[in-house]
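J.: mind looking at a prediction? Sequence and model below.
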Amino acid sequence: MDENAHTSGPTPDEVRNFYCAVSSVYPESDRWHAATHRWVSSFVQREWAVCQASGSGRWLNLGSAGESHGIRERHLLHVDLQPRWFTQAQQYVIADVQSLPFADASFDGCLCVGSVINYCDAARVIGEVARVVRPGGTLVLEFESSGSWELLWQRGFRNYAAVMYTFYQGQSIRLWAYAPEYIRRLLCNNGFSIIRQDYKHCLSTIALLGCRSPNVAARLHVLDNLAARWNWARAGASNVICACVRRL
């Protein structure tokens, strides 16, 4: 994605073409995103265990690129823009997550992780999730924050919603970055209550400003459990994840 050619967010065609060109979505050579991926999967597995205890069984997995985060495939229906990453054992639908082809209240829960929402209109996606998840169902949502210290010098830093540039596998990519306050408002307005949340790369983003090497800066992710106790560190985190329940 050409940093100088666009001032709008990425289109579905751009996202599809970009992910068709990469050889792996979560390569271990990309330490920053590999650490984020492990963190997301750990959070998802904890929430899934809680939901299983209450008998929750059929979940939607938006923009999954074939990643199930440890959940058994019989419980998941994947949605993505292209079929490249899926296996024969997986159930999937090719669709835009901003316009889901499912009936109202047809799922017990939904995953929208891997910064999927940052390639989309957050209001449209959350509205669609609220429509297809039953009352009492669960949403696990992860996104990249416009308050990340990494974005400090970009126009739109800490804005509710702004098109900004970040990195992925050595490339500059354009996406929507969202303020946590904005996402919380969208969730509330669509009938979701946040019950748990966590933060990733609280200090790594500060290190990145100095060293400009994501692989070097990513080493500080091991301090996130400590750093997330501090308001200023949480405010500058790169990624936010939350577990939500759709109110009755």
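T.: Perfect, I can see it now.
J.: the top strand by length along the chain - contacts with which helices or strands?
T.: Ranked by residue count, the top strand of the chain under DSSP state E comes out as strand 133-144. Here strand 133-144 touches helix 31-53, strand 107-112, helix 122-132, strand 171-178, helix 180-189, strand 239-246, going by 3 or more C-beta pairs under 8 Å, 6 or more residues apart in numbering; DSSP states H and E. From N, CA and C alone the C-beta is placed, and that goes for glycine too.
J.: adjacent strands (with direction) for the second one?
T.: Yep, that's strand 107-112 we're talking about. In the sheet, strand 107-112 lines up against strand 59-62 (parallel), strand 133-144 (parallel) (DSSP bridges).
J.: nearest spatial neighbour of the most centrally placed residue in the chain, chain-adjacent residues omitted?
T.: The residue lying closest to the centre of the chain (C-alpha atoms, centre = their mean) is Ser115, at 2.8 Å. Spatial nearest neighbour of Ser115, excluding adjacent residues (C-beta to C-beta, 6 or more residues apart in numbering): Glu144 at 5.1 Å.
J.: now, of the strands paired with strand 107-112, which is deepest in the fold?
T.: strand 59-62 (a mean of 27; mean count of other C-beta atoms under 10 Å).
J.: residues touching the following helix or strand past that one, excluding its own?
T.: Later in the chain than strand 59-62, the nearest helix or strand by DSSP states H and E is strand 76-80. The contact list for strand 76-80, computed with C-beta atoms under 8 Å, 6 or more residues apart in numbering, reads 58-66, 68, 86, 90-95, 97, 100, 107.
J.: ok, back up a step: most tightly surrounded among the helices and strands packed on strand 133-144?
T.: strand 107-112 (a mean of 25).
J.: state the distance from the residue nearest to Thr205 when sequence neighbours are not counted to Asp224.
T.: Closest residue in space to Thr205, ignoring its immediate chain neighbours: Trp149 at 3.8 Å, by C-beta to C-beta, 6+ apart. Computed as C-beta to C-beta, to the nearest Å, the Trp149 to Asp224 distance reads 14 Å.
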